[in-house]
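1. what shape does this take:
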Amino acid sequence: MHAQSRELLGRPIASFTATKHKVAELQTMVDAARALLHTTAVRIEAGERPTRELAGVTVLATRVGSARRCARCRTGLGYLADPTDTRLADAPLARIGIAPDALLLEYIAKTMGV
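-> Numbering: from 1, shown residues only. This is a model prediction of the structure:
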């Protein structure tokens with residue numbers, strides 16, 4: 001993990017509480033998105049059309065914002081030699097063309113009768 005090799009004030013940034021908490025939060029969000037995606041895929045395989053869950057997966061996965069959040073742990077690297085940095089910097093552009101969260105959340109709320 002990059003946070004373990006990058007140093008600040010003579011210590012790996014992974015040793016700072018804020019970084020540890022951010023990494024743990026990201027992992028929790030990734031696990032939740034993965035679990036919802038798996039459950040939704042099982043329902044699709046069973047012939048169901050879990051549209052609300054698909055909207056939820058999209059919102060959750062994009063909100064995880066792993067690329068943007070991880071890029072913050074790599075602060076200052078920008079577009080350097082490591083191709084990961086370029087992909088992280090470009091990742092927010094991937095959302096273009098995906099339904100905005102507001103539309104997906106509106107649909108989810110409607111299916112809940114709210």
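2. any stretches of this structure with poor pLDDT?
-> 1-3, 65-99 (pLDDT under 70).
3. for stretch 25-36, buried residues please.
-> For stretch 25-36, the buried set under the neighbour-count rule, 16 or more other C-beta atoms under 10 Å, comprises L26, M29, A33, L36. The C-beta positions use only the backbone N, C-alpha and C, and glycine is treated the same way.
4. skipping adjacent residues, who's closest to R6 in space?
-> What sits nearest to R6 in space, not counting adjacent residues and going by C-beta to C-beta, 6 or more residues apart in numbering, is I13, at 5.1 Å.
5. quick one: the strands in the chain?
-> According to DSSP state E, the chain carries its strands in the segments 7-8, 11-12.
6. quick one, which of those is nearest to D101?
-> Nearest to D101 among the strands of the chain is strand 7-8; the distance by C-beta to C-beta comes to 32.7 Å.
7. what pairs with the closest one, parallel or antiparallel?
-> Using DSSP bridges, the strands paired with strand 7-8 are strand 11-12 (antiparallel).
8. wait, the residue nearest to R6 touches K20, no?
-> No. Contact criterion C-beta atoms under 8 Å: I13 and K20 do not qualify, at 9.5 Å.
9. neighbour count winner among the two?
-> Shown here are I13 and K20; by other C-beta atoms under 10 Å, I13 has more neighbours (22 against 13).
10. so who does A55 touch?
-> Going by C-beta atoms under 8 Å, 6 or more residues apart in numbering, A55 touches A99, L104, L105, Y107, I108.
11. look up how far M29 lies from it.
-> 17 Å (C-beta to C-beta, to the nearest Å).
12. of all the strands of the chain, which one is nearest E48?
-> strand 11-12 (46.0 Å).
13. which of the contacts of A55 sits closest to A61?
-> Ranked by distance to A61 (C-beta to C-beta), the contacts of A55 are led by L104 at 10.9 Å.
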